[in-house]
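*Asks:* Next input, structure requested:
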Amino acid sequence: MEFIIFLSKLDKEILELLIKANYIVEENKIECLLNKEIKGIHNFVENKIIICTENAKRKTNYRIKKHSPNKDNFKTELAIRKALRHEATHAIQKCNKNKTVEDIKNLEDKLHPSKRSSLKFSTSNFSGTYEKEVEAYILEDKPKKVKNMIKKYCL
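*Replies:* As a prediction, the model looks like this:
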């Protein structure tokens, strides 16, 4: 799986914990081709997370540069890391009887404007509830919290 090269040490730990919690993690499946806007998908029924690496690379203008420092593609790294954390949050929610884990009142106000548009996209195009999506968008910036929540709710 190519997306692993973009993960931090902490994100690799999140991936390992998801697998330990009996999640299947795949990459660039047909779902990614059907909607080129998405960077990740949580399949609730099959306990599966799909990372859409090719979509993330395209959306972040990923370039292979042989003589350039790796940090040229930091946007791609960030997009893939956030996609994994976002979908991991949905896994945590499933482990928590299909409910949000935190009290999300007033959290939408803390969302960056770009995430608000993503929130609208997610809730109108996918089956996620508004509250679960808000929580996932907030936690995608908190890898330590995601890691600890997987341990607490899924293992």
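
*Asks:* Which elements pack onto the host helix or strand of Q93?
*Replies:* According to DSSP states H and E, Q93 maps onto helix 74-95. Helix 74-95 sits against helix 9-20, strand 40-43, strand 48-51, helix 53-59, helix 130-139, helix 143-154, with contacts defined as 3 or more Cβ pairs under 8 Å, 6 or more residues apart in numbering; DSSP states H and E. Every C-beta, even on glycine, is put in place using the N, C-alpha and C of the backbone.

*Asks:* the inter-axis angle of the first one versus helix 74-95?
*Replies:* Right, helix 9-20. Put simply, helix 9-20 runs at 40 degrees to helix 74-95, going by axes from the mean of the first three to the mean of the last three Cα atoms, to 10 degrees.

*Asks:* Tell me the strands beside the next helix or strand after helix 9-20, with direction?
*Replies:* Using DSSP H and E, the helix or strand that follows helix 9-20 in sequence is strand 24-27. Next to strand 24-27 in the sheet, as set by DSSP bridges, lie strand 48-51 (parallel).

*Asks:* ok, and what's touching the partner strand?
*Replies:* Residues from elsewhere that reach strand 48-51, judged by Cβ atoms under 8 Å, 6 or more residues apart in numbering: 1, 3, 18, 23-29, 31-32, 39-43, 80, 83-84, 87-88, 91.

*Asks:* and if you look at stretch 26-33?
*Replies:* So stretch 26-33 is contacted by 1-3, 38, 41, 48-55 (Cβ under 8 Å, 6+ apart).

*Asks:* quick revisit: same list, the helices and strands packed on helix 74-95, but as JSON lines with mean pLDDT, mean neighbour count and distance to K75 please.
*Replies:* Formatted as JSON lines, those follow (pLDDT from 0 to 100; neighbours: other Cβ atoms under 10 Å; distance: least, Cβ to Cβ, whole Å):
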{"stretch": "helix 9-20", "mean pLDDT": "98", "mean neighbour count": "16", "distance to K75": "15"}
{"stretch": "strand 40-43", "mean pLDDT": "95", "mean neighbour count": "22", "distance to K75": "16"}
{"stretch": "strand 48-51", "mean pLDDT": "98", "mean neighbour count": "23", "distance to K75": "16"}
{"stretch": "helix 53-59", "mean pLDDT": "96", "mean neighbour count": "20", "distance to K75": "9"}
{"stretch": "helix 130-139", "mean pLDDT": "88", "mean neighbour count": "22", "distance to K75": "17"}
{"stretch": "helix 143-154", "mean pLDDT": "98", "mean neighbour count": "18", "distance to K75": "17"}
